[in-house]
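# Sequence and predicted structure below; questions after.
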Amino acid sequence: MAKMSFAERLKNFFSFNKNRDDSFFEDLSDILIEGDLGAKNVFDIVEELEKNCKKQKLIEPDDILSELKTMLLPFVSSIDLTPQAGKVNVYMLLGVNGVGKTTSVAKLANYYKDQTNVIMAAADTFRAAAIEQLQLHGQRLNVRVVAHQHGADPSAVVFDAAEAVRSKGEGLVLADTAGRLHNKENLVRELQKIDRIAASKADEGCYKKLLIIDSTTGQNGLRQAEVFHQAVGLDAVILTKYDSTAKGGVAAAIGKDFGIPVAFVCFGEGYKDIRPFDPETYLDEFLGIK
């Protein structure tokens, strides 16, 4: 039996709850918390939603959902990531193990390779298969991969990749990094070192730090955003595993709590299964608005 999407559960809730009394909004809060918006955020939003619905006499599901969308929209923003021509651009991809980081590097390489000279940097030198995995993607995409031996200094890999881009006159380094949150202090120190090198090698305004979040991980994603944002300061989020069953509300929670925009969503296994993030489309899909 197929797993019900969050939007479908929300639709069912409206179908079975016809009254618009206090208990309706309390139950709606419970549903929205399941959507990974975060408990505190949900209580604040639903309290205001209830006031607005009573004031405007909104009782139809479409009208209530439309009002909810209007309230959530300020928390969700997109960012256009276009490598600057004639410059050395460096995008560092961050995230815990298992979120699809290396695959996202490959998808971005495929997305950008017709726009500029792309080099993938295998800066996750600790996970045994990470370097080989990225090299395999490079062969399939015909995109160069800069890699050192297993256990090498990750910042040296990024340095060499940026030098290779500069030798071509322009381009984009996509750096795959390690994500061992259970060893947080070492991870943070390592990322800060890579951060300093990347910032020094990229041209001004051409360095971006992108956090990969698994759309299905829920509130863990919010905690991950907090840790990485404190460590290096994030420019944007990329949502992976964004299919029909993903709740994805964590994007709104990250936007509200940290003001971080979303750059892309990844929704499949193929290299082309990535698209720029659109807040309107995201909220329509999240809330099941046609």
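Sure, I can see it.

# Three-state assignment for the spatially most central residue of the chain, please.
Central residue of the chain (C-alpha atoms, centre = their mean): Ile238, 2.4 Å from the mean position. Counting by DSSP: H, G, I helix; E, B strand; the rest coil, the backbone at Ile238 sits in strand.

# Please name the nearest non-neighbouring residue to it.
Once flanking residues are discounted, Ile238 sits nearest to Phe264: 4.7 Å by C-beta to C-beta, 6 or more residues apart in numbering. The C-beta positions use only the backbone N, C-alpha and C, and glycine is treated the same way.

# Report the beta-bridge partner residues of the one you found.
Following DSSP bridges, Phe264 is listed with bridge partners Ile238, Pro276.

# Could I get the contacting residues of it?
Phe264 sits next to 81, 104, 108, 111, 238-239, 274-277 when contact means C-beta atoms under 8 Å, 6 or more residues apart in numbering.

# same check, this time on Cys206
Shown in contact with Cys206 (C-beta under 8 Å, 6+ apart): 83-84, 87-90.

# can you check Gln84 too?
Here Gln84 is in contact with 203, 205-206 (C-beta under 8 Å, 6+ apart).

# can you tell me the helix or strand for Glu47?
Glu47 is part of helix 39-56, with elements assigned from DSSP states H and E.

# which residues touch that helix?
20, 22, 25, 28-29, 32-33, 37, 58-59, 63-64, 67-68, 71-72, 252-253, 256-257.

# For Met71, which non-adjacent residue is spatially closest?
Distance criterion C-beta to C-beta, 6+ apart; nearest residue to Met71, sequence neighbours excluded, is Ile45 at 5.8 Å.

# oh, I was asking about Gly86
In space, Gly86 comes closest to Glu170 once its chain neighbours are excluded; the distance is 4.9 Å by C-beta to C-beta, 6+ apart.

# And the one you found, how far from Arg144?
14 Å (C-beta to C-beta, to the nearest Å).

# Asp273 now?
Asp273 sits 22 Å away from Arg144, going by C-beta to C-beta.

# Likewise for Phe277?
Here Phe277 is placed at a distance of 27 Å from Arg144 (C-beta to C-beta).
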